[in-house]
Every structure is written in structure tokens, then in C-alpha cells.
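Visitor: Show me how the following folds:
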Amino acid sequence: MYDTFEPKSLLPQEKVEFYRKNGFVQIHNVLTADELEELRDYMDEAMNSAQGMSTQTDQKGGSYYRVLNQRVNIWRDHAGMAKYTAHSRFAEMARQLVGTSGIRLFHDHALLKMPGDSKPTPWHQDLTYWPMNETGALSIWITLDDVDERNGCMMFIPGSRSIGKLNPISLVDPQDIFEYTKGTEHEHTKPVIVRMKAGSCTFHDGLTFHYAHANVTDNQRRVLAIIYMTDGTTYSGKSHTITNGLGLAVGEPIRGGLFPLLARA
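Guide: Okay, here's the model as predicted:
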């Protein structure tokens, strides 16, 4: 476990190998106790502000809000959030896991599962929503609260990224993604439940099947997720709230001030 993690420290080789085999990995204590408390304060402050340049996915009472109270690109609203979204510590870990020469930010999002009428986040892949031609993009999922099956911890299907890129799944009215596993080596693969202490994280590949439980507790479950892409990832032209209106050219690398290079070999 890491009480502190310097940006250029090497991840244990077993963590890298586990990720490359399974498409996800759990890492303890990526935040110090002081950082955890600071990030909690920053996120609460940013999420409680009605102003800013981030995108609120749905309003309170909406169908999606019951799955996730989400703000995308929250780093653009709050310098404290930007400190963590752009942190080289996390980006360097992502670079090591993928084995690439450079990692760029795609976007971040605050992911809150609210208490009360909470719904699970259904099984899905992430990359199907992103406007990228190449594979290899991944997410870090940093929990600011202890998580288990009662408040929204995640589950993964090991090795499921080998099935390839499927059609997007509606998070409000989902289809059964496991229809795609029939006849494959993953037809009977058991999900791995990932319970974590606050300040820990998972990384998962954009093609890995994953799910988050509903929140049946009396408190919100807070997560900072950051999506990374390998340097040189090109724009597919697919509609996406992050890239729409930016004038990106199809087939050209996604780069610039909104997609900074955060780690390099």
C-alpha cells in the first residue's frame, strides 16, 4: 500500500501484469489522509456551485440522476479539482499500466451516487461513448468514501475487453450486455467485486465490462473519475459533450489545452 506515491515511482510489476491480463486493477492509498480531506472539500464545494463550465448530466429527479449525479469536466470550474485531475501521480500510473510513451487527459467527472432512490449503474463499456478511433483509453476511479455493495462499489468482468467494442448501453434503460459473451471464453466468467477504503482507486480499460451497485445508505458516495488516452489518439467524429463544437478534425490527434499531456516516459 502507498502512504505517499511520488510521480515517477514505479508501480509494482504484479499490478501492471494484473491490469494487462484482466483490464482492471485496484491500488490502495493513492491519496494521503490530508489529500483525501482536501479533495472531499473541493468536490463538495464544486458540486454545490450552480455556476461553471462543467456539464451537469441530469437534474435532480431525472432518470439518469437516480443512477449518477454527475458533472463532467469539473476541473474547469474549480482550481482545487484541477490540481487532482491534472496530477502527474495518477497519470504516470496510467502510463505505466498501458505501457505508452505519453498520457493525455480526456476529461474528468465527479460521480455521486445519491442516497434514497438510487439505481445501479448497469453493466457497460466506456469506450463505446468516447469519440476515439483507437483503443487503450482508461479511467482511474478514486473513491472519497469507503465503498462496498451497499453504497455503490464496482464490479468487473476480468478479461472482458477481449470481446471488443460493442454498441453503447443505455444507463437508464439498459440491454443485457452479457448477450455478447455467449459462445466466448467469458460466458461463465464471474464478476470481481471491488470493495475499497476511501483514498484508494481502481484503473480500468475502456472496453472492460463494469457495474456499480446502487446506494442504499443514508450518505452520498463520492468518486472522482479521470479518463486518460494515449498520446496520439485520434478523433472519430462521434458526438460527445466534451468534443462537440471544438472543430476537431476527424482522424487527427485529440490534443490542445483541454486535452493536456500529463505524463511522458
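Visitor: what about the helices in the stretch 51-200 of the chain?
Guide: All helices of the stretch 51-200 of the chain, identified by DSSP state H, counting those that start in this stretch, fall at 63-67, 79-85, 88-98.
Visitor: residues making contact with the second one?
Guide: When contacts are taken as CB atoms under 8 Å, 6 or more residues apart in numbering, the neighbours of helix 79-85 outside the stretch itself are 35, 38-39, 41-43, 45-46, 74-76, 90, 105, 108, 110, 142, 224, 226. Every C-beta, even on glycine, is put in place using the N, C-alpha and C of the backbone.
Visitor: Low-confidence regions, the chain specifically.
Guide: In the predicted model, the chain carries pLDDT under 70 at residues 1-9, 52-67.
Visitor: all strands of it, in order?
Guide: 24-27, 55-56, 69-72, 102-113, 121-124, 138-143, 154-156, 192-194, 201-205, 210-212, 221-230, 261-264 (DSSP state E).
Visitor: Which one of these lies nearest to V172?
Guide: In terms of CB to CB, the element of the strands of the chain nearest to V172 is strand 121-124, at 8.8 Å.
Visitor: Does anything pack onto that closest one? Which helices or strands?
Guide: Strand 121-124 sits against strand 210-212, with contacts defined as 3 or more CB pairs under 8 Å, 6 or more residues apart in numbering; DSSP states H and E.
Visitor: The strand it packs on pairs with which strands?
Guide: Using DSSP bridges, the strands paired with strand 210-212 are strand 121-124 (antiparallel), strand 154-156 (antiparallel).
Visitor: Identify each buried residue in it, please.
Guide: H210, Y211, A212 (16 or more other CB atoms under 10 Å).
Visitor: next one: stretch 20-30
Guide: Buried residues in stretch 20-30, counting neighbours by 16+ other CB under 10 Å, are found at N22, G23, F24, V25, Q26, I27, N29, V30.
Visitor: Next: stretch 34-46.
Guide: Per 16+ other CB under 10 Å, stretch 34-46 contains these buried residues: E35, L36, L39, R40, Y42, M43, A46.
Visitor: that older thread, now the buried residues of strand 210-212 as JSON lines including distance to K190?
Guide: Output for the buried residues of strand 210-212, formatted as JSON lines (distance: CB to CB, whole Å):
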{"residue": "H210", "distance to K190": "14"}
{"residue": "Y211", "distance to K190": "13"}
{"residue": "A212", "distance to K190": "17"}
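Visitor: closest to A263 among these?
Guide: Lowest distance from A263 to those (CB to CB) belongs to H210, with 23.2 Å.
Visitor: My guess is the closest one contacts G23. True?
Guide: No. Applying CB atoms under 8 Å, one finds H210 not in contact with G23, separated by 9.1 Å.
Visitor: list residues touching both of those two?
Guide: In contact with both H210 and G23: F156, H204, using CB under 8 Å, 6+ apart.
Visitor: Just the angle for the lengthiest helix in the chain relative to strand 138-143, thanks.
Guide: Longest helix in the chain by number of residues (criterion: DSSP state H): helix 33-47. Interaxial angle, helix 33-47 versus strand 138-143 (axes from the mean of the first three to the mean of the last three CA atoms, to 10 degrees): 100 degrees.
Visitor: Need the contact partners of helix 33-47.
Guide: Helix 33-47 has contacts (CB under 8 Å, 6+ apart) with 31, 52, 54, 69, 71, 74, 77-78, 80-81, 83-84, 110, 112, 142, 144, 198-199, 222, 224.
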